[in-house]
Structure formats: C-alpha cells, structure tokens
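Enquirer: mind folding the following:
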Amino acid sequence: MTSAGPKATGPGPLDRLRRICLALPEATERPSHGEPTWFVRGKTTFVTYADHHHDDRLAFWCAAPPGAQEALVAADPERYFRPPYVGHRGWLGVYLDVPVDWQEIAELVTDAYRTVAPRRLVAQLDTEAPPPP
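Expert: Reported below is the predicted structural model:
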C-alpha cells in the first residue's frame, strides 16, 4: 500500500511574503532577531516575519503610513494588531493564520516599503508593475 502523502497546497505564507518583498527595488532579506526580515538597500527594515514571536500567532510586522495602524486595527482586530517593540512607531502587525487576501498583503507591503524607502526608489517603484500577490 502506498501513500500519496499530503496534497500540495502551493507556497506557504513565508514564501509568498518573501516573493512580494523581494520584488521591490533593492529589497534584501536576512535574519534579524531570529526571523526573516526585509530591508531597503540592506539597511532599513520594512517587513519582518513573526513566526509565533511573543505569542502563538503567525504574522508579520511592517512599517505603515501615519494613521494606518490605528485605522486598520480598529476596523479589523482579528486581522491586524499593534506589534510589540515597533507598534509605538506606527508599525502594523498582520496575522497570517487567518484567511489571507494576498493582493491586500502585497498592497500593505508596498505601502511599508514606500514609508521607509528613499524617494528615488519610490519613484522607481511608481514606474514598475506592482509586486505579485
């Protein structure tokens, strides 16, 4: 008797998030505080993965434009939260252990990038296709 094993379900949340982040101009990845983290030009963080980091949830934390954290957390606290350490600076936490709209995630990641990237890279982003969800 042979077993076909588990069904392939496509890329996991980390792979999908990685693909979105690395599609942005001059984005790089390296571990930071034990988690995959994405940087602009290897220096400025715009997204960090949070695999049960300080709680029992799968999520990521990202830079956010002013007011976005408060609005999103108030509108949908089952999906968004104020992350530890960086929440006081307006960063947004996004749960990945709930049903995820990857197009929305791509938009949040792009907004995070725009929040911290130099103007030249933001201008470059404006002339390119958006990252894939």
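
Enquirer: tell me the pLDDT at residue 39?
Expert: Looking at residue 39, its pLDDT is 98.

Enquirer: output the top strand by length along the chain as CSV, restricted to C-alpha atoms.
Expert: Criterion DSSP state E: the longest strand present in the chain is strand 44-51. Taking C-alpha atoms only, strand 44-51 is exported to CSV below (Å, rounded to 0.1, in the frame of the first residue of the first chain):
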residue,chain,number,x,y,z
THR,A,44,16.2,50.0,6.6
THR,A,45,13.7,47.4,7.7
PHE,A,46,10.3,47.5,6.1
VAL,A,47,8.9,44.0,6.9
THR,A,48,9.7,41.3,9.5
TYR,A,49,8.2,37.9,9.7
ALA,A,50,6.8,36.9,13.1
ASP,A,51,6.5,33.1,13.4
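
Enquirer: please name the bridge partners of residue 95.
Expert: residue 59 (DSSP bridges).

Enquirer: what residues are up against it?
Expert: By Cβ atoms under 8 Å, 6 or more residues apart in numbering, residue 95 lies in contact with 57, 58, 59, 78, 79, 80, 81. Every C-beta, even on glycine, is put in place using the N, C-alpha and C of the backbone.

Enquirer: next up, the contacts around the fourth one.
Expert: Just to be clear, that refers to residue 78. 95, 98.

Enquirer: repeat that for residue 113.
Expert: Contacts for residue 113 (Cβ under 8 Å, 6+ apart) come out as 21, 24, 27, 40, 46, 63, 121, 122, 125.

Enquirer: measure stretch 13-32 end to end?
Expert: Using Cα to Cα, to the nearest Å, the end-to-end distance of stretch 13-32 comes to 18 Å.
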